[in-house]
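Asker: the following comprises the amino acid sequence and a computationally predicted model.
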Amino acid sequence: MDKDRIRGMALKVKGRLKEVAGIVTGDRKTKTEGQVEKTEGEARNALGVAKDKVRELRDE
C-alpha cells in the first residue's frame with residue numbers, strides 16, 4: 001500500500017470530522033476547511049491507488 005493512500009485516508013477522516021464539527025457548531029469556516037481536507041484526502045488516495053497499479057503492472 002502506497003504512503004499516499006495512507007495519508008489520503010487519514011486526511012479524508014480528519015476532514016470529515018472537521019466538517020461534522022463545523023456543522024454541529026454552526027461554524028461555516030470549520031465546515032469548509034473540513035470539506036477541503038476531505039477532498040484533498042480523496043485525491044491523495046486516488047494518487048496512491050494509481051501508483052499501486054503502476055507498480056503492479058511493472059512487476060508483472
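Answerer: Yep, that arrived.
Asker: the nearest residue to M9 once chain neighbours are set aside and L57, how far apart?
Answerer: Excluding the flanking residues, the one nearest M9 by CB to CB, 6 or more residues apart in numbering is N45, at 5.9 Å. C-betas here are computed from N, CA, C, even on glycine. Between N45 and L57 the computed distance is 19 Å (CB to CB, to the nearest Å).
Asker: ditto for V36
Answerer: With distances taken as CB to CB, V36 is found 32 Å from L57.
Asker: so between these two, which is more surrounded?
Answerer: Comparing V36 with L57 by other CB atoms under 10 Å, the one with more neighbours is V36, at 14 against 8.
Asker: residues touching that one, list them.
Answerer: Residues counted as contacts of V36 (CB atoms under 8 Å, 6 or more residues apart in numbering) are G15.
Asker: which parts of the strand or helix carrying it are buried?
Answerer: In this assignment (DSSP states H and E), V36 forms part of helix 28-59. Within helix 28-59, the residues that count as buried by 16 or more other CB atoms under 10 Å are T30, K31, E33, G34, E37, K38, E40, G41, R44, N45, G48.
Asker: and the pLDDT at the residue nearest the centre of the chain?
Answerer: For the chain, the residue nearest the mean C-alpha position is G41 (1.4 Å; CA atoms, centre = their mean). On pLDDT, G41 comes in at 96.
Asker: right, and it touches G15 too?
Answerer: Yes: shown here, G41 and G15 form a contact pair, counting by CB atoms under 8 Å, at 5.7 Å.
Asker: of the buried residues of helix 28-59, closest to D4?
Answerer: The closest of these to D4 turns out to be G48 (CB to CB; 3.5 Å).
Asker: just give the closest residue to R44, not the sequence neighbours.
Answerer: G8 is the one closest to R44 (CB to CB, 6+ apart), at 3.3 Å.
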